[in-house]
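*Asks:* Whatever this is, show me its structure:
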Amino acid sequence: MKKTFIMYLDESGSFKKDKDSVKRGKNPSLIGGVLFEENNFTLNHINQIIGTESIHCTEDKDVEKQFQRFMQINANNVQLILFQNTECIWILDNNLTYLNIMTEGIIKTLTYLKQKYGDILLKVLIANRVDTTANLPKMESVVQKDVYIKRLQEKLILSSLDKQIKKDDWQIEKASAREDKRLMIADIVCNTFYMRNLKFPKPMQEEITKIYQDKNKTIIFSVLESFAEKEFTKYLLENRLGEAVSLLCQRKDENFIADKMRLVQEKLLIMTRSEIELQYRFIATRIENFIEINNDFTGCIMFLKNLLKYFLPKLKNIEEIQELTSKLNLDINFYLITAYSHTGNIKEIEDCLQTCDKEIENLSNNWESINYQMKYQNRKIVHYSNLFEFTYSLNSCKDLVKKCKGIKSVLELCYEDKKPIKYEELAKALGNLVQIYTFLLRSNQAYYIEAKQASDEAIEEFEYLEDKKRQYLYRCALETEANNYDNALAFLFQSVGLTKDQKLENLVKKLEESSSYTLMQYIRLMAEGKLAGWQKADTMAQVIFRSPLLNSKNHFSPKHPYEIISWKWATYLMETGNTKAAIEKYDMALSFGFEEDSTLNMIGFAIELEKYSYLLKYNIANQLNSVKKSLQKHYQKISQNFKNNIFETIDFEKVDSQYYFALSRKITY
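*Replies:* Got it, this is the predicted structure:
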């Protein structure tokens, strides 16, 4: 006889920015509720739990009552059920993501029930869905019931074709979660799981977690795993190995990666060297997408580590391509150095450099190998600049520029074409030289002429406009350090594609669509100009303060260069006497300036020194003692982590604000 099961489902989360939410310690969006055999959980049971209230957990502040209701649900003859998107996969928009999670979840539930009970009927009640992808009036934003049910039914039919699930195995209905008490039950289950680590006190958290970890009580489906498996199989069948490897190495499930990588190795064994190189190009493009477009350095590091741990060993087992494997190992470590530089991880970069030193020695003496060595030298220079070892960096960079110019002159002999030769590694080396000079300029203005020349050459050497725009930003920083504030502003205009005669409002409008580094240079120029008495600094401040850029926390992120933006904003505010607001900005900057073994330690210390100097200057006595203790603790930390401690010996007994301000100026940001 056919068994009938009931499932009530609601949702928690936006189904849109799950990767960002997970980074901030939240859970990914999910669908959840209860599953039970018909008649085991009646409307009478539901009324006893919900009562006469209309419940919506997102708005409910009574945590104790929500917990009690959750425990009452759990005490009934039901199973809690959750459909999770643990991979945080986003499918075009939040509605389609939700639709795919719902479909996969129902299919997995049907499969589970049919395997256990044979012939079954599953009746599913889901909540009305609100379309948050467009700015519609509230009443118009509810997705039309008949349209949505048809879309869901269509996906269910198509998805179940290969799983021996028939149309009469399931029924779907929709209702309002604001009105239907059955869906309020689902809302309690869903929200309790989604917010368990953020909303509830620890004793409740532990009790909730215990229930969700009980496999007899809770069914949890990671619903898009099957999607990943299908895509992997499809890529492999179509000989799209690069895409298959990229899909695997973006996952956190190491057992899945290891298992599927065996199939990758079978493909590798029958491929030629050139075919493997071609497939690697796709992987390299994916890495560059992480770094250049998404700025997702955490995701990139995981991807690269998985490549080194699971993909590269499969290549090392193929005798005929050992040199290619060495080059790919170098390439992946180059990318890791870049990603670690952005996150400030010192130790990890040192490990990568050791690997690269060994691999460089194994390369043949040919043009490609020479180019790898130039790339490597550029990355090493950036690393040692980040460690504030500027004497080493300057000498190394000058030497690299000389070598690259020699290589370029050889290349020019090979071409009779009148079109000028551009050599990217020379352009990068010149760009690095400009940044090193910019850091050194505060202590020695004599470097300006050489720095300006290097900047002109870098701008000329880069071929693409985007690269030139980055060099205009570097030039803005250089001119700011040289106290040429009008020149700095002109280059800032150029960096966003504007001319210097346009209005500041146009520049600020462009900042809204530019990188955070452009905003950093604007605020830095504003602050440095204010310190020097440059009249346009106040005008810059008036314009930027009217824009949404500095008026929303959504524009700030706990990563470089936002600590610089907050720092220089604080400097400007202190110079205008707005001490309360300035201290808030210093504290915002310091909240992510002391990560362990990070180059941010040194920047954070400079920020704290400047804050202390202004506390002394304005005699803000209630904070002086705590900031002084914090400075002493952080000084000890950077002395241990940095071989070249540019602050040297500090006398913390001094009460001279200028002494601490001068020390903070040793970090040229």
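*Asks:* hey, let's count contacts and neighbours off CA atoms from now on
*Replies:* Fine.
*Asks:* How many neighbouring residues does the residue lying closest to F605 once chain neighbours are set aside have?
*Replies:* Nearest residue to F605, sequence neighbours excluded (C-alpha to C-alpha, 6 or more residues apart in numbering): H634, at 6.7 Å. For H634, the neighbour count with other C-alpha atoms under 10 Å is 18.
*Asks:* How is H634 assigned, secondary-structure-wise?
*Replies:* Three-state call for H634 (DSSP: H, G, I helix; E, B strand; the rest coil): helix.
*Asks:* Mind splitting this protein into its structural domains?
*Replies:* 3-223, 227-363, 464-533, 556-669 (automatic domain parsing).
*Asks:* what's the spacing between the first one and its chain's center?
*Replies:* The gap between where domain 3-223 is centred and where its chain is centred comes out at 28 Å by C-alpha atoms, centre = their mean, to the nearest Å.
*Asks:* Next: the shortest one.
*Replies:* For domain 464-533, the distance from its own C-alpha centre to the chain's C-alpha centre is 25 Å (C-alpha atoms, centre = their mean).
*Asks:* any idea of the mean pLDDT in that domain?
*Replies:* The average pLDDT within domain 464-533 is 95.
*Asks:* begin at 15 from here
*Replies:* Yes, from this point I'll number from 15; that puts the last item at domain 478-547.
*Asks:* Now do that domain: distance from first to last residue.
*Replies:* 36 Å (C-alpha to C-alpha, to the nearest Å).
*Asks:* In the chain, what helix or strand scores lowest on average pLDDT?
*Replies:* Lowest on mean pLDDT, DSSP states H and E among the helices and strands of the chain sits helix 32-37, with a mean of 52.
*Asks:* Most tightly packed of the domains of the chain?
*Replies:* domain 478-547 (a mean of 20; mean count of other C-alpha atoms under 10 Å).
*Asks:* Give me the helices and strands touching the helix or strand Q368 falls within, please.
*Replies:* Using DSSP states H and E, Q368 sits in helix 360-375. With contacts taken as 3 or more C-alpha pairs under 8 Å, 6 or more residues apart in numbering; DSSP states H and E, helix 360-375 sits against helix 336-357, helix 381-400.
*Asks:* The shortest one to helix 336-357, inter-axis angle?
*Replies:* With axes from the mean of the first three to the mean of the last three C-alpha atoms, to 10 degrees applied, the angle from helix 381-400 to helix 336-357 works out at 20 degrees.
*Asks:* shaky segments in the stretch 165-314 of the chain?
*Replies:* For the stretch 165-314 of the chain, the stretches flagged by pLDDT under 70 are 165, 169, 172-177, 237-241.
*Asks:* could you pull out the strands for it?
*Replies:* 184-189, 232-236 (DSSP state E, counting those that start in this stretch).
*Asks:* ok, residues contacting the last one?
*Replies:* Counting by C-alpha atoms under 8 Å, 6 or more residues apart in numbering, strand 232-236 makes contact with Q93, L94, I95, L96, F97, Q98, N99, T100, G119, K122, I225, Y226, all of which sit outside it.
*Asks:* Could you tell me which of the residues you listed belong to strands?
*Replies:* Using DSSP state E, the members of the contacts of strand 232-236 that fall in strands are Q93, L94, I95, L96, F97, Q98.
*Asks:* From those, pick the one nearest L261.
*Replies:* In terms of C-alpha to C-alpha, no member of these lies closer to L261 than Q98, at 18.8 Å.
*Asks:* Quick check: the closest one touching G27?
*Replies:* No: between Q98 and G27 there is no contact under C-alpha atoms under 8 Å: 11.0 Å.
*Asks:* Could you tell me the end-to-end distance of stretch 541-556?
*Replies:* Span of stretch 541-556 from end to end, C-alpha to C-alpha: 13 Å.
*Asks:* Not counting that stretch itself, show me its contacts.
*Replies:* T494, N497, Y499, L518, L539, M540, K582, W583, T585, Y586, E589.
*Asks:* for stretch 81-91, same thing?
*Replies:* Against stretch 81-91 from outside (C-alpha under 8 Å, 6+ apart): F50, N54, F55, I63, I64, L94, I199, I202, V203, T206, M218.
*Asks:* before we move on, back to that, would you reformat the domains of the chain as TSV and include distance to A465?
*Replies:* As requested, those are arranged in TSV below (distance: least, C-alpha to C-alpha, whole Å):
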stretch	distance to A465
domain 17-237	39
domain 241-377	23
domain 478-547	8
domain 570-683	15
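*Asks:* which stretch among these comes nearest S407?
*Replies:* domain 570-683 (12.5 Å).
*Asks:* I'd like the distance from that closest one to the chain centre, please.
*Replies:* Counting by C-alpha atoms, centre = their mean, domain 570-683 comes out at 26 Å from the chain centroid.
*Asks:* So which of the contacts of stretch 81-91 is the closest to L533?
*Replies:* T206 (39.7 Å).
*Asks:* ok, now which ones touch the closest one?
*Replies:* Neighbours of T206 in contact, by C-alpha under 8 Å, 6+ apart: Q80, F81, F84, I222.
*Asks:* Likewise for E426?
*Replies:* Contacts of E426 by C-alpha under 8 Å, 6+ apart are I435.
*Asks:* Could you pull up the mean pLDDT of the helix or strand encompassing it?
*Replies:* Taking DSSP H and E as the definition, E426 sits inside helix 404-427. Averaging pLDDT along helix 404-427 yields 93.
*Asks:* Just the contacts of stretch 81-91: which are in helices?
*Replies:* Of these, the ones assigned to helices by DSSP state H are I63, I64, I199, I202, V203, T206, M218.
*Asks:* Distance to L427 for those - can I get that in CSV?
*Replies:* Converted to CSV, the ones in helices among the contacts of stretch 81-91 look like this (distance: C-alpha to C-alpha, whole Å):
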residue, distance to L427
I63, 85
I64, 83
I199, 77
I202, 74
V203, 72
T206, 70
M218, 75
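*Asks:* Just flag the most distant two among those.
*Replies:* Top of the distance list for those (C-alpha to C-alpha): I64 and M218, 19.8 Å.
*Asks:* Distance check, the nearest residue to K274 once chain neighbours are set aside against N269.
*Replies:* Using C-alpha to C-alpha, 6+ apart and skipping residues adjacent in sequence, the residue nearest K274 is L262, 7.7 Å away. Using C-alpha to C-alpha, we find L262 at a distance of 11 Å from N269.
*Asks:* Next: F476.
*Replies:* F476 is 44 Å from N269, by C-alpha to C-alpha.
*Asks:* cool, and M316?
*Replies:* 15 Å.
*Asks:* same question, T66
*Replies:* With C-alpha to C-alpha as the criterion, T66 and N269 are 48 Å apart.
*Asks:* same check, this time on V448
*Replies:* 46 Å.
*Asks:* returning to what we had before: distance to F453 and secondary structure for the contacts of stretch 541-556 - can I get that in a markdown table?
*Replies:* Compiled in a markdown table, the contacts of stretch 541-556 are given as follows (distance: C-alpha to C-alpha, whole Å; DSSP: H, G, I helix; E, B strand; the rest coil):
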| residue | distance to F453 | secondary structure |
| --- | --- | --- |
| T494 | 11 | helix |
| N497 | 14 | coil |
| Y499 | 17 | helix |
| L518 | 27 | helix |
| L539 | 15 | helix |
| M540 | 18 | helix |
| K582 | 16 | helix |
| W583 | 20 | helix |
| T585 | 19 | helix |
| Y586 | 21 | helix |
| E589 | 23 | helix |
